[in-house]
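Enquirer: Here's a sequence, model it:
(chains A and B)
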Protein chains: 2
Amino acid sequence: MFRKVLYPTDFSEVATRALEYIKQLKPAGAQEVVILHILDRKELRNLALLGGVTGNYPIDLNTEFKRLENEHLENVRNIVNELKTAGFSAKGIVREGNPLAEILKTAEDEAVSVIVIGSTGKSNLQETILGSVSEGVIKRSCQPVLIIKRDTRQGGHV
Amino acid sequence: MFRKVLYPTDFSEVATRALEYIKQLKPAGAQEVVILHILDRKELRNLALLGGVTGNYPIDLNTEFKRLENEHLENVRNIVNELKTAGFSAKGIVREGNPLAEILKTAEDEAVSVIVIGSTGKSNLQETILGSVSEGVIKRSCQPVLIIKRDTRQGGHV
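Expert: Prediction:
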C-alpha cells in the first residue's frame, strides 16, 4: 500500500517535512521513492516580471533558468542520496512543465502506490500566482495522497 | 508521526479501504485509532424530503434516526474490535453534528498525529447535498491527512 512513493518537491520547508514522513513509512512497506521537481518557466517569468517592478530579480531569464536548473538538479541529487542512505531505492526526476500535470503524469507512468506532498510549500505571493498544486493533486490523482500541512500544531506526536 | 490516527468513517466502501491503510501504518508507529462517526440529522432530513418525492424513505424521522444511531453504534463497535484484534488501542465516537466541524474538533481535542479519510464515500446524490467533507478536512485541518481515493487505479501496489 505504501511500496512506491511519489515525492513532488519544491525544496520548501513543508516539502522537507514531507520527506521525514516518507522515511517513517519504510517499516510500513515503502521501498522506492521517486523524487520529482518541476521547473516551471512560467513561474520564473512571473517572478521576473515582479522583479521588473521591485528590482529584486534578474532580467536575463535564460541565464537565470539555467542557474536554477543546476541548483535544483543538485538539490534532487542530495535527496536521492539521503533516501539511499536511509535504505530506500530512490530516483530523481527534474523536468520542465506544468507542475500539476507533471505530477499526475508521473504518478501514472511510475505506477506509484502513494503521493506524499506538502500542502502549500510556496510563499503566499507565489501561491497567488500559481494556485495550489497540492489541491489539484488531491482532486485529480487516482492514488492515495498523504498531505503534510504547513501550519501543523501536533505537539510531540512523532 | 503516525502514532495516533483519527479515522472518520461513514462505513462506505472507500472508508473501509481507508481502514486497511491504517492497519498498514502499524509498523510505522501507529498505536491508537480514534474511530469517528457523525450522525448528521440534516442529511437524514434531506434524504427524507427526497423520500417524500420518491417514496423510498420513511417519514418518521425520530424513529428512523434512532434506528440509524443503533446501527451505526454497532458498526463502530465492530471496527473498534477489529482494530483491537489487529493490536491497536482503539476508541469509538458516535456523535451528532456537522461532519466537517466534528472531525476538525475531534482532531484537535484528541491531539491526533494524522487523519486517514476516504475521499468521497457518499453516493453522488448525497455528495451534491452534503458537499465533500474530505475536501474541507484537507483544507482546514492542521494535521497531516492521508486521503484514500475512490477511483484508485493502483494495480497490485500493496
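Enquirer: in chain A, which residue is closest to the centre?
Expert: A:Thr9 (1.5 Å; CA atoms, centre = their mean).
Enquirer: now that one, nearest residue through space, not along the chain?
Expert: Spatial nearest neighbour of A:Thr9, excluding adjacent residues (CB to CB, 6 or more residues apart in numbering or on different chains): A:Ala15 at 4.2 Å. Just so you know, the C-beta spots here come from the backbone N, C-alpha and C atoms, and that holds for glycine as well.
Enquirer: what about that neighbour, distance to A:Val116?
Expert: 10 Å (CB to CB, to the nearest Å).
Enquirer: Of these two, give the one with the bigger neighbour count.
Expert: A:Val116 (26 against 21; other CB atoms under 10 Å in any protein chain shown).
Enquirer: Three-state assignment for that one, please.
Expert: strand (DSSP: H, G, I helix; E, B strand; the rest coil).
Enquirer: Pull the contacting residues for it.
Expert: A:Val5, A:Leu6, A:Tyr7, A:Ala18, A:Tyr21, A:Ile22, A:Leu25, A:Val145, A:Leu146, A:Ile148 (CB atoms under 8 Å, 6 or more residues apart in numbering or on different chains).
Enquirer: Among those, name the buried ones.
Expert: A:Val5, A:Leu6, A:Tyr7, A:Ala18, A:Tyr21, A:Ile22, A:Leu25, A:Val145, A:Leu146, A:Ile148 (16 or more other CB atoms under 10 Å in any protein chain shown).
Enquirer: mind checking how far the fourth one is from chain B?
Expert: Taking CB to the nearest CB, to the nearest Å as the measure, A:Ala18 and chain B are separated by 9 Å.
Enquirer: Now that residue. Nearest residue, chain neighbours left out?
Expert: A:Ile148 (4.3 Å).
Enquirer: my guess is that neighbour meets A:Ser119, correct?
Expert: Yes. The criterion here is CB atoms under 8 Å, and A:Ile148 meets it with A:Ser119 at 6.4 Å.
Enquirer: Can you work out which residues contact both of those two?
Expert: A:Val14.
Enquirer: Model confidence score at A:Ile38, please.
Expert: A:Ile38 is assigned a predicted lDDT (pLDDT) of 93.
Enquirer: what's the longest helix in chain A?
Expert: In chain A, taking DSSP state H as the definition, the longest helix is helix A:61-85.
Enquirer: ok, and for the helix or strand just after that one, which residues are buried?
Expert: Sequence order places strand A:89-96 as the next helix or strand after helix A:61-85, per DSSP states H and E. Across strand A:89-96, burial judged by 16+ other CB under 10 Å covers A:Ala90, A:Gly92, A:Ile93, A:Val94.
Enquirer: So which residues of chain A form helices?
Expert: A:13-24, A:41-54, A:61-85, A:99-109, A:124-130, A:133-140.
Enquirer: weakest of those by average pLDDT?
Expert: helix A:124-130 (a mean of 47).
Enquirer: Just give the number of residues close to A:Pro135.
Expert: Slight slip there: residue A:135 is Glu, not Pro. 16.
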